[in-house]
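Engineer: the sequence and its predicted three-dimensional model are supplied below.
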Amino acid sequence: MSRVGKYPVPVPAGVQVTLAGRTLKAKGKLGELSLDLTDAVDVEVRSNEVAVNPRGSDRQTRMLWGTTRSLVEGMVTGVSTGFTKTMEITGTGYKAAMQGSELVLNLGYSHEIRYKAPEGIKITCEKPTTIKVEGSDKQKVGQVAAEIRAYRGPEPYKGKGVRYDNEVILRKEGKKK
């Protein structure tokens with residue numbers, strides 16, 4: 001029995017969930033997302049909740065049961081409230097700024113890095129050392145944040161680089177005399 005899959009996903013007011021064949025669509029104030037369902041699970045859309053049920057009892061089906069329920073919950077949350085990743089830049093001269101739809105990063109290289117925001121993702125810089133990635137698709141928000149962080153990940157000696165706001169950097173002592 002899946003611990004995650006057995007609970008139905010509550011659908012908040014303002015979100016419309018429809019099932020057409022093997023495709024589940026969620027539509028809300030922040031956009032529309034769809035999910036292609038596997039043959040291992042059945043999805044039932046009720047008035048204010050979505051229930052996911054397995055078609056069998058083998059191991060693969062039970063795994064897909066919980067995964068599908070989590071994906072449905074991510075869709076419903078994404079179109080109603082959205083997802084946000086906040087990152088901080090640490091280092092002398094390191095900064096970020098938005099120019100149109102491009103994020104311009106100065107991370108200690110001889111050139112500035114330009115990152116074009118993909119469709120459906122909003123990137124903002126409230127301060128030169130803070131980057132906020134927002135969107136309705138959880139996977140896409142995490143992927144964009146990971147790509148930005150990969151340009152200059154945090155290093156363990158001084159902590160310089162791009163890190164998530166809740167990330168803890170394990171610091172090393174450094175060289176002794």
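Structural biologist: That came in fine, so what should we check first?

Engineer: max-length helix in this protein?
Structural biologist: For the chain, the longest helix by residue count, based on DSSP state H, is helix 59-80.

Engineer: per-domain residue ranges of the chain.
Structural biologist: 9-80, 83-164 (automatic domain parsing).

Engineer: count of neighbours near the closest residue in space to residue 172 that isn't next to it in sequence?
Structural biologist: Nearest residue to residue 172 in three dimensions, chain neighbours excluded: residue 156, at 4.6 Å (C-beta to C-beta, 6 or more residues apart in numbering). Glycine gets a C-beta too; all of them are placed from N, C-alpha and C. Neighbourhood size, residue 156 [other C-beta atoms under 10 Å]: 13.

Engineer: residue 156 and residue 170: what is the separation?
Structural biologist: According to C-beta to C-beta, to the nearest Å, residue 156 stands 6 Å off from residue 170.

Engineer: quick one: the helices in this structure?
Structural biologist: 59-80, 138-150.

Engineer: which pLDDT value belongs to the residue lying farthest from the centre of the chain?
Structural biologist: Here the chain reaches farthest from its C-alpha mean at residue 177, the gap being 44.4 Å by C-alpha atoms, centre = their mean. Listed pLDDT for residue 177 reads 79.

Engineer: show me the contacts for residue 91.
Structural biologist: By C-beta atoms under 8 Å, 6 or more residues apart in numbering, the contact set of residue 91 is 107, 108, 152, 158, 160, 161.

Engineer: quick one: it and residue 167, what's the gap?
Structural biologist: 15 Å.

Engineer: again, but for residue 106
Structural biologist: For residue 106, the distance to residue 167 - C-beta to C-beta - is 21 Å.

Engineer: what do you get for residue 110?
Structural biologist: From residue 110 to residue 167 the distance is 27 Å (C-beta to C-beta).
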